[in-house]
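Q: Here's a sequence, model it:
(one chain, ligands or ions: 2)
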Amino acid sequence: METRRLNGLELRWGLAEHAALAGAESLWKDVAASGRLSGHPVFRSYVEGLSFEPPGTTPWARSLAVAVLATKPRVLRFELEDGVVTVPFPSCYGGSPVSREDVRRFLAETLGGSSRCEAAESVPLKLAAAWIGLARYGRNGLCHAPGLGSSIRLLAFWTDLPAEEPGVRPEGPAFLDRCASCSACVRACPTCAIPTDYGCVDATRCLSLYNEIEGDLPGWIPARAHNAAIGCLACQRCCPESGRVLADEAGTAAFSAAELGLLQEGRDEPSTNAAVARATGRPEIDQVDAFRPVLARNLRAFLAARRMA
Ligand code: SF4
Ligand code: SF4
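A: Ligands and ions are numbered 1, 2, ... in the order given. Next up is the predicted model:
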C-alpha cells in the first residue's frame with residue numbers, strides 16, 4: 001500500500017493483477033446469486049452489472065488500481081433565532097476537494113510508465129478495497145481503513161501496468177478484529193437493518209436507500225430515525241473505528257433561518273438553488289435539481305425527529 005496527500009486529503013492505493021482478482025469475481029457472483037442481497041429495485045440498480053472483469057473498451061487492462069481517499073465530514077449549520085441547529089451531511093454525497101479525475105491523473109503519473117489509466121466504473125469497490133487489503137469490512141457493511149474508519153471514498157482504475165506482486169490478500173476480504181467483541185452498530189441502527197451475525201446488511205431496511213432518492217419515505221421508518229441531511233450516520237457514529245473521525249467536522253456550511261425555510265420548501269428558484277449548491281458542494285445544475293427535493297424532504301424529517309428528541 002502506498003500513501004500520499006492530495007490537496008490536503010490522505011490518499012492510499014494498491015495495485016492488483018487482474019488475474020489475481022478471479023477469487024473476488026467468483027465471490028461477488030456467489031453473493032449476488034445467493035439471495036442474500038436485497039431485491040429492492042433501487043438497490044439492484046446500484047449493484048447489477050458490477051464485476052471485476054474490465055469492459056470491452058479496455059482490452060489493455062492488466063491491473064486494477066484501487067484508491068482510498070480520506071474524506072472530511074461536513075455539517076450544515078443553521079443559525080436560527082432560538083439557537084444553532086447542525087445537520088450532518090455525509091461527505092460521500094457532496095463535493096470533494098479531490099475529484100476522481102484528480103486521483104486518476106495522480107495515479108497515472110505516480111505509477112509511472114503507464115500509458116493507460118482509466119476509471120473502472122463497474123467494479124464492486126468495497127470488495128475490491130477489502131480484497132486488496134486497503135480496508136476491512138465492518139458488521140455495518142461498510143469498509144474501514146486503518147485510522148480513517150469509514151470516512152473514506154473508494155475509487156478504482158484499470159491500468160496497463162503489470163503489478164509486481166499479485167496485490168491481493170490470499171485469504172480474501174477480512175472483517176475488523178474489533179467487530180468480534182462489538183455490536184454497537186447493530187444496536188444503533190434505527191431500522192434493524194444490520195444482522196447480529198456477519199451477514200449482509202438488509203439494504204431493503206436501510207434508511208439511506210430511501211432518503212437519497214426522491215419520493216415519500218416509507219411509513220415503517222421510525223420518525224426518530226432521521227439523523228442526517230441525506231443518508232444515515234447511525235452505524236458509523238457509534239463505531240469505535242469511525243466515531244472519532246466523524247466527530248471532526250471539518251467542512252461547515254452556514255445558513256440563515258430564511259435559507260433553511262427555502263431549503264425545506266425546495267422550490268426551483270435561484271435563492272433556493274444557490275443554498276442547495278452550497279449545502280451539497282455540488283453547484284452543477286443537474287446535481288442541484290437532483291438534490292433539491294431530496295434535501296427538502298430530508299430536512300423536514302430531520303427537524304421533526306429533532307423536535308421529538
Ligand atoms: S446506514 Fe443507518 S439504516 Fe442503514 S444500516 Fe447503517 S444505521 Fe442502519
Ligand atoms: S460498531 Fe462495532 S461491530 Fe459495528 S462495524 Fe464498528 S467495530 Fe464492528
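Q: can you map out the strands along the stretch 101-250 of the chain?
A: Assigned by DSSP state E, counting those that start in this stretch, the strands in the stretch 101-250 of the chain fall at 117-119, 136-137, 143-144, 152-159.
Q: buried set for stretch 198-210?
A: Buried residues in stretch 198-210, defined by neighbour count with 16 or more other C-beta atoms under 10 Å: 201-210. Where C-beta positions appear, they are placed from N, C-alpha and C, glycine not excepted.
Q: quick one: is it near ligand 2?
A: No - applying C-beta under 6 Å from any ligand atom, one finds stretch 198-210 separated from ligand 2 by no less than 9.5 Å.
Q: on that earlier part again, any chance of the strands of the stretch 101-250 of the chain in JSON lines, plus mean pLDDT and mean neighbour count?
A: Converted to JSON lines, the strands of the stretch 101-250 of the chain look like this (pLDDT from 0 to 100; neighbours: other C-beta atoms under 10 Å):
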{"stretch": "strand 117-119", "mean pLDDT": "94", "mean neighbour count": "18"}
{"stretch": "strand 136-137", "mean pLDDT": "96", "mean neighbour count": "20"}
{"stretch": "strand 143-144", "mean pLDDT": "96", "mean neighbour count": "24"}
{"stretch": "strand 152-159", "mean pLDDT": "95", "mean neighbour count": "23"}
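Q: Which residues outside stretch 42-60 are in contact with it?
A: With contacts defined as C-beta atoms under 8 Å, 6 or more residues apart in numbering, stretch 42-60 is touched by 18, 21-22, 24-25, 28, 32, 37-38, 61, 64, 116, 118, 120-124, 128, 158, 160, 203-204, 209, 213.
Q: Buried by neighbour count, from these: which ones?
A: By 16+ other C-beta under 10 Å, the contacts of stretch 42-60 give 18, 21, 24-25, 28, 32, 37-38, 61, 64, 118, 120, 123-124, 128, 158, 160, 203-204, 209 as buried.
Q: Can you tell me which of these end up in helices?
A: Taking DSSP state H as the definition of helices, the buried ones among the contacts of stretch 42-60 contribute 24-25, 28, 32, 128, 209.
Q: how deep is residue 307 tucked in, by neighbour count?
A: By the measure other C-beta atoms under 10 Å, the count of residues near residue 307 is 8.
Q: Disregarding residues adjacent in the polypeptide, which is nearest to the closest residue to ligand 1 within the stretch 51-200 of the chain?
A: Nearest to ligand 1, among the residues of the stretch 51-200 of the chain, is residue 189, at 3.3 Å (C-beta to the nearest ligand atom). Nearest residue to residue 189 in three dimensions, chain neighbours excluded: residue 235, at 5.4 Å (C-beta to C-beta, 6 or more residues apart in numbering).
Q: List the contacts of the one you found.
A: 140, 142, 185, 188-189, 194.
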